[in-house]
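# any chance you can model this:
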Amino acid sequence: MAYPSQLGFQDAASPLMEELLHFHDHALMIIFLISTFVLYVIVAMVTTKLTNSYILDSQEIEIIWTILPAVILIMIALPSLRILYLMDEINDPHLTVKAIGHQWYWSYEYSDYHDLEFDSYMIPTQDLAPGQFRLLEADHRMVVPTESPVRVLVTAEDVLHSWAVPSLGVKMDAVPGRLNQAAFVAARPGVFYGQCSEICGANHSFMPIVVEAVPLTHFEAWSTSMLKDA
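So this is what the prediction gives:
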């Protein structure tokens, strides 16, 4: 969950988000080193240390600034390709949930259960209970078990939407007439908030996403109660 004056990412709640945070730190360090080196070269040239013709016309300099960027790109590309593979790989999910974007709310269908589906609307500000978050709370949460691979099938009924939960490292576009899929594993119990990340109309900012991760026994009790109420 984000907090006031936060500068970094939200705390990771899935192994995928942990990998994304590590890659972010890795790329940021490379950017910092490049920026430091470029600043040094600029300062050195201003102070006339690097302005003689031998350095400017040096064959060694030509080789270095050709090979060094290629090495830097490889250092960024290899870990990023690994993470892209991890994001696309979905092996035997324990639960499949279909998230459907509407103007302007989400609906969820649990494909592994018969008739387990519901709509999720934002709770109006005047109806919020103490401790709840404005513009982020929903009347029905998407409940998933912890430490279990969950596949989310994302689509839309009307216009483009985007199903995004930062703490879980998930962001997938919802396209009418098309099924996109994403996967995550909630590493710990908790309530994780997200919002539609595609400008979809006048009430775009009023369709939050709330994912509640609970132990498997609690999830089974929740699903049983939901099926009884259906």
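
# now do the helices in this structure.
15-46, 53-56, 59-88, 216-229 (DSSP state H).

# now do the contacts for the closest residue to residue 159 other than its chain neighbours.
Ranked by CB to CB, 6 or more residues apart in numbering and with sequence neighbours excluded, the top spatial neighbour of residue 159 is residue 200, at 5.1 Å. The C-beta positions use only the backbone N, C-alpha and C, and glycine is treated the same way. Contact analysis of residue 200 by CB atoms under 8 Å, 6 or more residues apart in numbering lists 101, 103-104, 159-161, 207.

# redo the residues you listed as TSV? Include pLDDT, neighbour count and distance to residue 69.
Compiled in TSV, these are given as follows (pLDDT from 0 to 100; neighbours: other CB atoms under 10 Å; distance: CB to CB, whole Å):
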residue	pLDDT	neighbour count	distance to residue 69
101	95	27	41
103	92	15	46
104	92	19	45
159	93	17	41
160	95	15	36
161	95	30	38
207	94	23	43
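
# just these now: which is nearest residue 75?
Proximity of these to residue 75 was ranked by CB to CB; the top entry is residue 160 with 34.6 Å.

# that closest one touches residue 178, doesn't it?
No - judged on CB atoms under 8 Å, residue 160 makes no contact with residue 178 at a distance of 10.3 Å.

# break this protein into its domains for me.
For the chain, the structural domains run 15-88, 95-229, going by automatic domain parsing.

# identify the contacts common to residue 160 and residue 178.
In contact with both residue 160 and residue 178: no residue, using CB under 8 Å, 6+ apart.

# spatially, and excluding backbone neighbours, which residue is closest to residue 206.
residue 122 (5.0 Å).

# the one you found: neighbour count?
22 (other CB atoms under 10 Å).

# check residue 7 too.
Neighbours of residue 7 under the rule other CB under 10 Å: 4.

# what's the weakest-modelled helix or strand in this protein?
helix 53-56 (a mean of 58; mean pLDDT, DSSP states H and E).

# weakest of the helices of the chain in terms of mean pLDDT?
When the helices of the chain are compared by mean pLDDT, helix 53-56 comes last with a mean of 58.

# for residue 147, find the nearest of the helices of the chain.
Residue 147 lies closest to helix 216-229 among the helices of the chain, at 8.0 Å (CB to CB).

# contacts for that closest one?
Against helix 216-229 from outside (CB under 8 Å, 6+ apart): 110, 113-116, 118, 143-146, 148, 214.

# buried ones in that helix?
Buried residues in helix 216-229, counted by 16 or more other CB atoms under 10 Å: 219, 222-223, 226.

# can I get it in PDB? Just the C-alpha atoms.
Taking C-alpha atoms only, helix 216-229 is exported to PDB below (Å, rounded to 0.1, in the frame of the first residue of the first chain):
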ATOM      1  CA  LEU A 216      -6.300 -21.300   1.300                       C
ATOM      2  CA  THR A 217      -8.700 -22.400   4.100                       C
ATOM      3  CA  HIS A 218     -10.200 -18.900   4.300                       C
ATOM      4  CA  PHE A 219     -10.500 -18.800   0.600                       C
ATOM      5  CA  GLU A 220     -12.400 -22.000   0.500                       C
ATOM      6  CA  ALA A 221     -14.800 -20.700   3.200                       C
ATOM      7  CA  TRP A 222     -15.300 -17.400   1.300                       C
ATOM      8  CA  SER A 223     -16.000 -19.300  -2.000                       C
ATOM      9  CA  THR A 224     -18.500 -21.500  -0.200                       C
ATOM     10  CA  SER A 225     -20.300 -18.600   1.300                       C
ATOM     11  CA  MET A 226     -20.400 -16.800  -2.000                       C
ATOM     12  CA  LEU A 227     -21.900 -19.800  -3.800                       C
ATOM     13  CA  LYS A 228     -24.600 -20.100  -1.100                       C
ATOM     14  CA  ASP A 229     -25.500 -16.500  -1.600                       C
END
